[in-house]
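J.: What follows is a predicted protein model with its sequence.
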Amino acid sequence: MFVVRVSNFRKFNEKIAHIEFKPALKAFPGQFVMLNVFGYEEIPLSLATENSIVVKSVGETSNALVNKKFEILGLRGPFGRPFTLPRNKKILMVAGGVGVAPLKFLYDVVSEHNDVDFVYGVKNSDEIVFRFKNCIYATEDGSFGLKGTVIDALRCLDLKNYERVYCCGKEEMMKAVWKLFEPLLPKKSCEVSLERYMRCGFGVCGSCSLENGLLVCKDGPVFNVEEVGW
Ligand SMILES: Cc1cc2nc3c(=O)[nH]c(=O)nc-3n(C[C@H](O)[C@H](O)[C@H](O)COP(=O)(O)OP(=O)(O)OC[C@H]3O[C@@H](n4cnc5c(N)ncnc54)[C@H](O)[C@@H]3O)c2cc1C
């Protein structure tokens with residue numbers, strides 16, 4: 001484990017914060033870190049850039065991260081298999097809530113060499129952490145962009161145009177996205193980032209194993225939909 005210094009902290013609402021740290025890591029989009037919040041536990045969080053994370057408060061440790069000011073944090077990683085990096089492709093990224101974090105990293109890395117559209121769904125506008133070009137924002141309460149879910153937003157697009165789809169958010173949402181693309185794309189062309197309860201982060205403890213035996217920490221967290229068997 002090494003220690004990083006918090007260089008910027010921005011809170012978006014009661015539950016969500018973007019935390020930048022120094023020094024930056026050598027990492028790829030889709031990878032995660034095990035973040036040790038001193039005095040609390042160690043939790044897995046996706047990298048949103050080489051030096052930042054987005055965290056949503058769901059329990060004790062994530063709540064401390066969002067609501068207390070830490071000057072330093074402990075960190076292990078980066079871990080996990082990243083997204084495959086496309087070139088000269090027509091791409092769609094679909095994010096739900098804080099699932100935007102790994103896709104922000106991917107967007108920054110690939111948007112120069114690919115034609116990228118983005119669909120970003122949240123409950124209401126104060127959960128919007130990042131802005132993207134060519135993005136449909138969907139808010140469940142209609143406070144910004146289209147009123148509805150990412151699935152409603154996808155119905156506004158010509159889905160057969162896309163050669164690759166990258167998705168991160170709740171698993172039911174990602175499955176629903178894949179249902180729309182299933183008749184249009186090979187399974188290997190759709191990549192999703194999965195979450196499971198995790199302890200070690202590098203394939204030893206087995207706590208994050210999927211039903212098919214693949215480990216989210218080591219074989220993922222990014223999988224194509226063929227690998228996850230959807
Ligand atoms: C690879 C990976 C990347 C992640 N990236 C992010 C991210 O970028 N931003 C973010 O806010 N969160 C992310 N998470 C989820 C985050 O790790 C959990 O929210 C966090 O561990 C909760 O810890 P806690 O102590 O605050 O809550 P706990 O008290 O541990 O849990 C509170 C609630 O959250 C549920 N929970 C805990 N861990 C997970 C998990 N891994 N997956 C699903 N539900 C869980 C528990 O079942 C419980 O209902 C990621 C998880 C993984 C595995």
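T.: Ah, there it is.
J.: Tell me who's in contact with the nearest residue to residue 156 once chain neighbours are set aside.
T.: In space, and not counting its chain neighbours, residue 156 is closest to residue 136: 6.4 Å by Cβ to Cβ, 6 or more residues apart in numbering. For glycine as for every other residue, the C-beta is placed from the backbone atoms N, C-alpha and C. The contact partners of residue 136, by Cβ atoms under 8 Å, 6 or more residues apart in numbering, come to 117, 118, 119, 120, 145, 146, 153, 156, 157.
J.: secondary structure class for the residue of the chain positioned farthest from its centre?
T.: Taking Cα atoms, centre = their mean, the residue of the chain most remote from its mean C-alpha position is residue 39, at 25.7 Å. Counting by DSSP: H, G, I helix; E, B strand; the rest coil, the backbone at residue 39 sits in coil.
J.: Could you tell me how many residues sit around residue 167?
T.: 25 (other Cβ atoms under 10 Å).
J.: Residue 1 now?
T.: Around residue 1 there are 11 residues (other Cβ under 10 Å).
J.: Over to residue 6?
T.: Neighbours of residue 6 under the rule other Cβ under 10 Å: 15.
J.: what about the residue nearest to residue 156, helix or strand, and which?
T.: Under the criterion of DSSP states H and E, residue 136 resides in strand 135-139.
J.: Give the rounded mean pLDDT of that strand.
T.: What strand 135-139 shows for mean pLDDT is 98.
J.: and the residue in the chain positioned nearest to the ligand, how many neighbours?
T.: Here the chain gets closest to the ligand at one residue, residue 59, 2.0 Å apart by Cβ to the nearest ligand atom. Residue 59 has 10 neighbours, counted by other Cβ under 10 Å.
J.: Could you export stretch 107-120 as PDB, keeping only the C-alpha atoms?
T.: Listed next in PDB are the C-alpha coordinates belonging to stretch 107-120 (Å, rounded to 0.1, in the frame of the first residue of the first chain):
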ATOM      1  CA  TYR A 107     -13.800   8.700 -22.900                       C
ATOM      2  CA  ASP A 108     -10.700  10.800 -22.200                       C
ATOM      3  CA  VAL A 109      -8.400   8.200 -23.700                       C
ATOM      4  CA  VAL A 110     -10.400   7.100 -26.800                       C
ATOM      5  CA  SER A 111     -12.400  10.100 -27.900                       C
ATOM      6  CA  GLU A 112      -9.600  11.600 -30.100                       C
ATOM      7  CA  HIS A 113      -9.400   8.500 -32.300                       C
ATOM      8  CA  ASN A 114     -13.000   7.300 -32.300                       C
ATOM      9  CA  ASP A 115     -16.500   8.800 -32.900                       C
ATOM     10  CA  VAL A 116     -18.000   8.600 -29.400                       C
ATOM     11  CA  ASP A 117     -21.600   9.200 -28.300                       C
ATOM     12  CA  PHE A 118     -22.500   9.100 -24.600                       C
ATOM     13  CA  VAL A 119     -25.700   8.400 -22.700                       C
ATOM     14  CA  TYR A 120     -25.600   9.400 -19.000                       C
END
